[in-house]
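Enquirer: Here is my input, please return the structure:
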Amino acid sequence: MYSKDGENYFIVDAHVALWDARAENQRNIHGKQFIDCFYDYHRNLSPTSEVWPYEDFLYQGGERLMRDLFTDGYVDHAIFQPALLSAFYGNGFGQTEEAFALAQQHPDKLTYNHCWDPRFEQVGLEQLRRDAERFDLKGVKLYTAEWQGGSRGYKLDDPWTYRYLEACQELGVRNIHVHKGPTIRPLDRDAFDVADVDRVATDFTDLNFVVEHCGLPRLEDFCWIATQEPNVHAGLAVAMPFIHSRPRYFAQIIGELLYWLDEDRIQFSSDYAIWTPKWLIERFVDFQIPADMTEYAPLTTDQKRKVLGLNAARMYGIEVPAGLDVAEKAGV
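Expert: The predicted structure is shown next:
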């Protein structure tokens with residue numbers, strides 16, 4: 001929980017990861033390209049005081065994650081969103097077993113989401129069914145630009161993707177988190193295009209599609225889709241650190257999202273370990289849209305509460321302590 005000026009905020013970090021990008025896990029040059037691109041985002045968008053040494057960035061481990069999120073970072077609950085990237089990393093990029101074990105040790109603090117790739121077709125579909133049972137999945141993270149064999153990406157509206165989404169419906173895996181944001185070297189920019197969200201959101205109305213990184217740099221496209229599809233949500237991973245490096249740009253991002261989606265479909269994410277939540281939460285609570293940006297309404301405390309944790313808590317059935325819910329404070 002974070003407290004400031006007599007106000008308390010329940011924090012859910014809706015997009016975190018444990019990864020291993022050390023040299024011994026890199027399958028090829030693309031593994032180094034990928035983590036170096038991550039590190040460039042980290043270094044260029046963070047306050048100087050928050051920049052990690054490169055070697056620390058390659059692998060964090062569970063002990064540091066628990067400290068950075070829960071001891072120092074104000075987070076009450078966090079959700080793992082792993083990326084496999086097996087074409088680049090021998091043991092995968094996201095550390096499935098380590099993350100899942102940590103979530104089992106701390107079920108009150110961590111939820112584990114898994115990942116799937118429709119290009120594995122029937123074999124992968126059968127694996128999804130096993131994974132849903134083993135991990136008790138409530139959500140998955142999809143990386144549509146991931147390389148697989150000769151393929152350099154897939155779309156949400158591909159026939160096999162539909163079969164996997166149908167299986168998610170059947171299995172109760174309702175929260176579909178999709179990376180639709182900035183490209184990461186060497187992945188292809190257009191494979192992250194947000195356009196395919198439109199069709200699947202229409203066809204799978206009982207699934208939630210959380211568009212991670214809110215479609216950046218395609219914010220306008222994302223907003224036009226999300227305003228007509230009530231099951232489309234915005235994840236603020238990658239958008240959040242602009243609160244430091246380009247605060248007026250962040251004001252535009254959050255202002256547009258609040259205009260098109262309202263405060264009930266926006267989720268705070270640190271994208272740990274690219275950034276740590278502590279400074280992002282502090283700055284967001286203090287943040288206000290500049291007075292001269294008159295097309296956007298001022299941010300309210302209750303809007304910040306919803307974004308920082310209440311929205312994701314509602315989606316995942318995470319218990320919010322008494323007195324911290326907006327509805328309770330309003331007497332609803």
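Enquirer: What separation do you get for His177 and Asn113?
Expert: To Asn113, His177 is 7 Å away according to Cβ to Cβ, to the nearest Å. For every residue, glycine as well, the C-beta is placed using N, CA and C.
Enquirer: again with Cys37
Expert: Cys37 is 23 Å from Asn113, by Cβ to Cβ.
Enquirer: the more surrounded of the two?
Expert: Legend: neighbour count by other Cβ atoms under 10 Å for Cys37 and Asn113, higher for Asn113 (23 against 16).
Enquirer: looking at it, the more buried one is touching Ala132, isn't it?
Expert: No - when contacts are counted by Cβ atoms under 8 Å, Asn113 is not listed as touching Ala132 (11.0 Å).
Enquirer: what helix or strand is Lys141 on?
Expert: strand 139-142 (DSSP states H and E).
Enquirer: now the strands for the stretch 1-150 of the chain?
Expert: Along the stretch 1-150 of the chain, the segments classed as strands by DSSP state E, counting those that start in this stretch run 2-4, 7-9, 12-16, 77-80, 110-112, 139-142.
Enquirer: mind listing what Tyr74 touches?
Expert: Going by Cβ atoms under 8 Å, 6 or more residues apart in numbering, Tyr74 touches 1-2, 9, 11, 277-278, 281.
Enquirer: tell me the pLDDT at it?
Expert: Confidence at Tyr74, expressed as pLDDT, is 98.
Enquirer: Skipping adjacent residues, who's closest to it in space?
Expert: Tyr2 (4.0 Å; Cβ to Cβ, 6 or more residues apart in numbering).
Enquirer: From Asn25, how far off is Tyr59?
Expert: To Asn25, Tyr59 is 8 Å away according to Cβ to Cβ.
Enquirer: Nearest spatial neighbour of Phe88, chain-adjacent residues omitted?
Expert: Sequence neighbours aside, Gly31 is the residue nearest to Phe88 in space, at 4.1 Å (criterion: Cβ to Cβ, 6+ apart).
Enquirer: Against which helices or strands is the lengthiest helix in the chain packed?
Expert: Secondary structure of the chain per DSSP state H: the longest helix is helix 29-45. Packed against helix 29-45 by the contact rule (3 or more Cβ pairs under 8 Å, 6 or more residues apart in numbering; DSSP states H and E) you find helix 54-58, helix 242-245.
Enquirer: Just the buried residues of the shortest one, please?
Expert: By neighbour count with 16 or more other Cβ atoms under 10 Å, helix 242-245 contains the buried residues 242-244.
Enquirer: And the first one, by the same measure?
Expert: When burial is assessed from 16+ other Cβ under 10 Å, helix 54-58 yields the following buried residues: 57-58.
Enquirer: could you dump that helix to PDB, C-alpha only?
Expert: Extracted C-alpha coordinates of helix 54-58, given in PDB (Å, rounded to 0.1, in the frame of the first residue of the first chain):
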ATOM      1  CA  TYR A  54      23.900  -3.800 -17.000                       C
ATOM      2  CA  GLU A  55      25.000  -7.100 -15.300                       C
ATOM      3  CA  ASP A  56      22.200  -6.800 -12.700                       C
ATOM      4  CA  PHE A  57      19.700  -6.200 -15.500                       C
ATOM      5  CA  LEU A  58      20.500  -9.500 -17.200                       C
END
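Enquirer: what does that helix rub up against?
Expert: With contact meaning Cβ under 8 Å, 6+ apart, helix 54-58 is reached by 20-23, 35, 38-39, 42, 273.
Enquirer: How far does that helix sit from its chain's centre?
Expert: 21 Å (Cα atoms, centre = their mean, to the nearest Å).
Enquirer: do the same with stretch 144-152
Expert: 21 Å.
Enquirer: Residues contacting that stretch, please?
Expert: Residues outside stretch 144-152 that contact it (Cβ under 8 Å, 6+ apart): 30, 83-85, 87-88, 117, 119-120, 153-156, 178-180, 183-184, 187-188, 191-192, 196.
Enquirer: What's the ChimeraX line that selects buried ones from the residues you listed?
Expert: Per 16+ other Cβ under 10 Å, the buried members of the contacts of stretch 144-152 correspond to this ChimeraX selection:
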select :30,83,84,85,87,88,117,119,153,154,156,178,179,180,184,187,191,192,196
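Enquirer: Filter the contacts of stretch 144-152 down to the ones in helices?
Expert: Short answer: the contacts of stretch 144-152 in helices (DSSP H) are 30, 196.
Enquirer: Flag the shaky bits of this protein, pLDDT-wise.
Expert: In the predicted model, the chain carries pLDDT under 70 at residues 327-332.
Enquirer: how about stretch 59-78: buried residues?
Expert: In terms of neighbour count (16+ other Cβ under 10 Å), stretch 59-78 has its buried residues at 59-60, 62, 65-66, 68-70, 73-78.
Enquirer: ah, wrong one, I meant stretch 304-321
Expert: Residues of stretch 304-321 classed as buried by neighbour count (16+ other Cβ under 10 Å): 304-313, 315-316, 318, 320.
Enquirer: likewise stretch 196-213?
Expert: For stretch 196-213, the neighbour count (16+ other Cβ under 10 Å) marks 196-198, 200-201, 204, 207-213 as buried.
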